[in-house]
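Colleague: Give me the fold of what follows.
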Amino acid sequence: MESNAAQAIVKKLLNIIERLAGENDDENDNFHLENSHVIPAMIRKFHDAKTSQAPTVTLWGSGTAMRKFLHVDDMAAACLHVLGLSKEHYQACTEPMLSHLNVGTGTDVTIRELAETIQKVTGYQGDIIWDSSKPDGAPRKLMDVSKIKSLDWQPQITLTDGHGQHLSLVC
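Modeller: Numbers count the residues shown, from 1 in each chain. Now for the predicted structure:
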C-alpha cells in the first residue's frame, strides 16, 4: 500500500473511532443522569436505586425502541483487524468507492431488554416504570455488518460482560 494511501486510511479510521467512541461502551463513559448515553445512565439509575433501596426505577419511553451496542474495545479491535488485512483480502470484500465498513454486533435489543439486563447485572430487585410521556426516539438503528464479518471479524465483549465492567466503575 502506498504511504499516502495508508496514512489516509489511518486518518479516516481515527476520525471514525473518535466519533464512535461517544456511541460505544467503555470505562471512560459519562454516568451523569441528565447528559449521558443510555447504558451509563441506566447503570447509574439502577445502582443508585439499589443502594438507596428505592422500590422503583423510572425510565423514559415504552422500552420498545431497539438499539445496537458495541464495546469500545471491540471497535478498536475491529480497526486493528482491518488495518492488518492484506490489500487483496480487503478489496475482495469491498467495492471501489464503497469501502466503508459498519462495525457492530449485527444484532439489536429493545431498551426494555437492555434495562432488564442492567437490572440483573446491578442486582436491583425493584420494579421498572416506563414513562411513556417521554420519547422513545427512533424505533430502530441497526446497521448491516456483513462486510466486516466477511473480513473474519467478530465482536468479543457481550452486553452483559460490558455492563459488568461499567458497574465496577460506579460501585
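Colleague: From here on, just use CA atoms for contacts and neighbour counts.
Modeller: Fine.
Colleague: what's the weakest-modelled helix or strand in this structure?
Modeller: Among the secondary structure pieces of the chain, namely its helices and strands, helix 159-170 has the lowest mean (mean pLDDT, DSSP states H and E), a mean of 56.
Colleague: Show me the strands in this protein, by range?
Modeller: Secondary structure of the chain (DSSP state E): strands located at 56-60, 66-67, 109-110, 127-131.
Colleague: Now stretch 139-154: buried residues?
Modeller: With burial defined by 16 or more other CA atoms under 10 Å, the residues of stretch 139-154 counted as buried are 142-143, 145-149, 151, 153-154.
Colleague: out of those, which are inside helices?
Modeller: The helices, defined by DSSP state H, take in 146-149 from these.
Colleague: I figured Trp153 hits Ala78, correct?
Modeller: Yes: between Trp153 and Ala78 there is a contact under CA atoms under 8 Å: 6.6 Å.
Colleague: that older thread, among the strands of the chain, which is nearest Glu88?
Modeller: Between Glu88 and the strands of the chain, the shortest separation by CA to CA is 33.5 Å, and it involves strand 66-67.
Colleague: Tell me which other helices or strands that closest one touches.
Modeller: In terms of contact count using 3 or more CA pairs under 8 Å, 6 or more residues apart in numbering; DSSP states H and E, strand 66-67 is assigned the packing partners strand 109-110.
Colleague: which other residues reach the strand it packs on?
Modeller: The contact list for strand 109-110 (CA atoms under 8 Å, 6 or more residues apart in numbering) reads 63-68.
Colleague: List the pairing partners of that strand within its sheet, with orientation.
Modeller: Strands flanking strand 109-110 in the sheet, each with its direction: strand 66-67 (antiparallel) (DSSP bridges).
Colleague: List the contacts of the strand it pairs with.
Modeller: 108-111, 139-142.
Colleague: Just give me the closest of these to Ala41.
Modeller: Minimum separation from Ala41 among those (CA to CA) is found for Ile111, which lies at 12.3 Å.
Colleague: quick one: that closest one from His100, how far?
Modeller: When CA to CA, to the nearest Å is the yardstick, Ile111 and His100 sit 28 Å from each other.
Colleague: just Asp144 next, same as before
Modeller: If you measure Asp144 against His100 using CA to CA, the figure is 11 Å.
Colleague: cool, Asp136 as well?
Modeller: 29 Å.
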